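Trainee: Here is my input; please provide its structure:
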Amino acid sequence: MKVMKFGGSNLLSGEDFRRVAEIIKNESDTKIVVLSGVNGVTDTLQNYLSKKKYAEKSIKKLIKKLEEIHIKIVKESIKNEKILKGLEKEIQLKLRRLEKLLRGVLYLEELSAKSKDLILSFGERLSVLIMTNTLKDINVNSVGLESDDIGFITDGKYGNASAILSKVETNLKKQIDIILKDGQIPIITGFFGCNKNGDTTIFGRNGSDYSAAVIGYAINADVVEIWKDVDGFMTVDPDIIKEAKTIKNLSYEEVAELSYFGARILHPRTIDPVSKKQIPILIKNINKSYGTGTIINGQKNKLKKPVKSIAFTTDVAYIKIFGSGIGYKPGVLSEIVSHISSESINIKSVITSQTCITLILDKDHITQSYNILKSKKISTVEDIQKNEKIALIAIVGQGINKKYGVAARVFNSIANQKINIEMISAGSSNAAYYFIINQNKIKNAIKAIHNDFFNN
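Mentor: Model (predicted):
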């Protein structure tokens, strides 16, 4: 049994839906399908919700745009006139519900986290509706399932929820088994689940990958296939270096680190559910359906080259808290972390010294965190500084911290480009270490490292 997940980049047009439907039809194994929303739809909703003010006209304009996008796809993907007419009505019903939610936000003049997650889930709801009807059009029996209706229970954290695996496993097994025995293919919405009260909670960007992994865990899948429009993980972002190479095999730990440090192939938490049951993940390119790009499993493949890949992000910033003896005084670090975490802000990393504590956070949270700490009276703190113009580069490879000379090669490559390293962290992971530089130097730094490890 396998889980097949198809991302939004594979769902741009009616032709794409038709192609994915044919892939599903031709797959001989028992399968469960997980879908993202149509490409760009969630971003469109997100952009609308980010506005400071809402208006009647803008709601009508948004709904009209979404209707045009989906009806165009439907007309391209469905040949049977009866199925087409019925699907158009179902899409309009979904959009009317979405419109009511948006009007509620307008009239209340308040966008709650609960409302936001529910609104952002509509891309997947519409996508599943189209796919089940496209499959019906090519004589494939399927049933569309919305995650918050089938007991995909989460911890309830709006905007960045995590599944409660034991509850999802209990709830899904019975329902999925019945559907499969009935000869139907379950088509499930990715990206979101629900809290214990049934309220929709989303998993964050690329959340459908995580949904597929959780479902794989719940049904004891033999494999989870993640279908993309790329071959898989690469030695570096090909937008920076055209000579980047596809990586054939990666361990769970390596992928977890790459995803955490900026590689956007998978949702950062995708590895957690599958690794618990040693379920492999296959990254497959929709344009090369005959092959496999990257295989991810529990095997720690030992290669002659110590570095598998280079990940990076500029979506981070740091706060430095200075004070004499701040690094060893009991309770100071826990107090600082408590002030920030109380606002549901995640700290990505902490680096301490005798006179300074450095917090690395998402750039979106840096100003809020800085203002929180400035407003508090923390003993021994003498100064607080923030820096948003940084880039974090991670060097990833299983057992990298036990290989002689790797760090020296990396830093020598950087030094030859006359780039200063502001901060280094090593030893916290068996598969990665990272350093921070000025973000203006990121391309030169990555090119130098990649050239040393992969082109020589």
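
Trainee: CA atoms for contacts and neighbours, from now on please.
Mentor: Noted.

Trainee: so who does the most far-flung residue of the chain relative to its centre touch?
Mentor: The C-alpha centroid of the chain is most remote from residue 324, which lies 39.8 Å away (C-alpha atoms, centre = their mean). By C-alpha atoms under 8 Å, 6 or more residues apart in numbering, residue 324 lies in contact with 354-355, 380-382.

Trainee: quick one: which of these is nearest residue 105?
Mentor: residue 381 (41.9 Å; C-alpha to C-alpha).

Trainee: What sits closest to the closest one if chain neighbours are left out?
Mentor: Excluding the flanking residues, the one nearest residue 381 by C-alpha to C-alpha, 6 or more residues apart in numbering is residue 323, at 4.7 Å.

Trainee: Run a quick neighbour tally on the one you found.
Mentor: Using other C-alpha atoms under 10 Å, residue 323 has 17 neighbouring residues.

Trainee: roughly how far apart are it and residue 374?
Mentor: To residue 374, residue 323 is 14 Å away according to C-alpha to C-alpha, to the nearest Å.

Trainee: mind listing the strands for the stretch 201-350 of the chain?
Mentor: 223-228, 249-251, 281-285, 294-297, 309-313, 316-322, 347-352 (DSSP state E, counting those that start in this stretch).

Trainee: which residues sit in contact with residue 29?
Mentor: Contacts of residue 29 (C-alpha under 8 Å, 6+ apart): 1-2.

Trainee: With residue 359 instead?
Mentor: 318-320, 347-351.

Trainee: Grab the two from those residues that are most spread out in space.
Mentor: Greatest spatial distance among the contacts of residue 359 (C-alpha to C-alpha): 320 and 348, at 13.9 Å.

Trainee: For residue 395, grab phi and psi.
Mentor: phi -100, psi 120 (degrees, to the nearest 10).

Trainee: What is the neighbour count of it?
Mentor: 25.

Trainee: repeat for residue 362
Mentor: The local packing count at residue 362 equals 17, with neighbours defined by other C-alpha under 10 Å.

Trainee: start at 40 instead
Mentor: New numbering, starting at 40: the last item is residue 401.

Trainee: looking at it, it is touching residue 356, isn't it?
Mentor: Yes - here residue 401 reaches residue 356: they are 6.2 Å apart, a contact under C-alpha atoms under 8 Å.

Trainee: Now for residue 47: which residues touch it?
Mentor: Contact analysis of residue 47 by C-alpha under 8 Å, 6+ apart lists 74-79.

Trainee: Narrow those residues to those that are buried.
Mentor: 74-78 (16 or more other C-alpha atoms under 10 Å).

Trainee: Could you tell me which ranges of the chain sit under the pLDDT cut-off?
Mentor: By pLDDT under 70, the weakly predicted segments of the chain are 328-330, 339-343, 466, 495.

Trainee: hang on, isn't residue 152 packed against residue 197?
Mentor: Yes - Residue 152 lies in contact with residue 197 (C-alpha under 8 Å); the separation is 5.9 Å.

Trainee: So residue 207 versus residue 233, what's the distance?
Mentor: Shown here: residue 207 relative to residue 233, a distance of 10 Å by C-alpha to C-alpha.

Trainee: Between the two, which has more neighbouring residues?
Mentor: More crowded of residue 207 and residue 233, by other C-alpha under 10 Å: residue 233, with 27 against 21.

Trainee: and that one, what are its bridge partners?
Mentor: residue 192, residue 239 (DSSP bridges).

Trainee: So which bits of the helix or strand where residue 450 lies are buried?
Mentor: Under the criterion of DSSP states H and E, residue 450 resides in helix 445-455. The neighbour-count check on helix 445-455 (16+ other C-alpha under 10 Å) flags 445, 449-450, 452-453 as buried.

Trainee: Having no further points to raise, I will conclude here.
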